[in-house]
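Asker: Sequence plus the predicted model coming up.
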Amino acid sequence: MYRDEFEALAREHPNFRFWPTLSRPEPSWTGRTGHVQTHLLDALEDRRDLDVYICGLKAMVDETRAMLKGLGFDRKQIIYEKYD
């Protein structure tokens, strides 16, 4: 959902990253796999001056938020939606 729009944003804005990640991909999937938390440090690099948007199941959202807070992110930098 909204993949085309997010990919367009990523092309138009170098400071916007769209990294869809599937924990249960079909064999044809060529993108990132596993859990989002596994890729968090790669996505952030050393930056702490950005906002992070997270959406997904409660457990993933809660764990990712805790990781971000542990890395020094302010709660105002973490935007999230839970789908349970």
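Answerer: Received, thanks.
Asker: mind showing which ranges of the chain have poor pLDDT?
Answerer: Counting by pLDDT under 70, the chain shows no low-confidence range.
Asker: Could you give the backbone dihedrals for the residue nearest to the spatial centre of it?
Answerer: Taking C-alpha atoms, centre = their mean, the centroid of the chain lies closest to Ile54, which sits 5.3 Å from it. As for Ile54, its main-chain torsions (degrees, to the nearest 10) stand at phi -130, psi 130.
Asker: Could you check how far it is from Tyr83?
Answerer: Per C-beta to C-beta, to the nearest Å, Ile54 is found 11 Å from Tyr83. Placement of C-beta: from N, CA and C, glycine included.
Asker: quick one: the helices in the chain?
Answerer: 3-12, 36-44, 58-70 (DSSP state H).
Asker: Any chance of TSV for these, columns mean neighbour count?
Answerer: Below are the helices of the chain laid out as TSV (neighbours: other C-beta atoms under 10 Å):
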stretch	mean neighbour count
helix 3-12	11
helix 36-44	14
helix 58-70	15
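Asker: Same list (those helices) but as TSV, adding distance to Glu26.
Answerer: Output for those, formatted as TSV (distance: least, C-beta to C-beta, whole Å):
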stretch	distance to Glu26
helix 3-12	15
helix 36-44	18
helix 58-70	20
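Asker: Can you say which of those helices is nearest to Ile79?
Answerer: Taking C-beta to C-beta, helix 58-70 is the member of those nearest to Ile79, at 10.1 Å.
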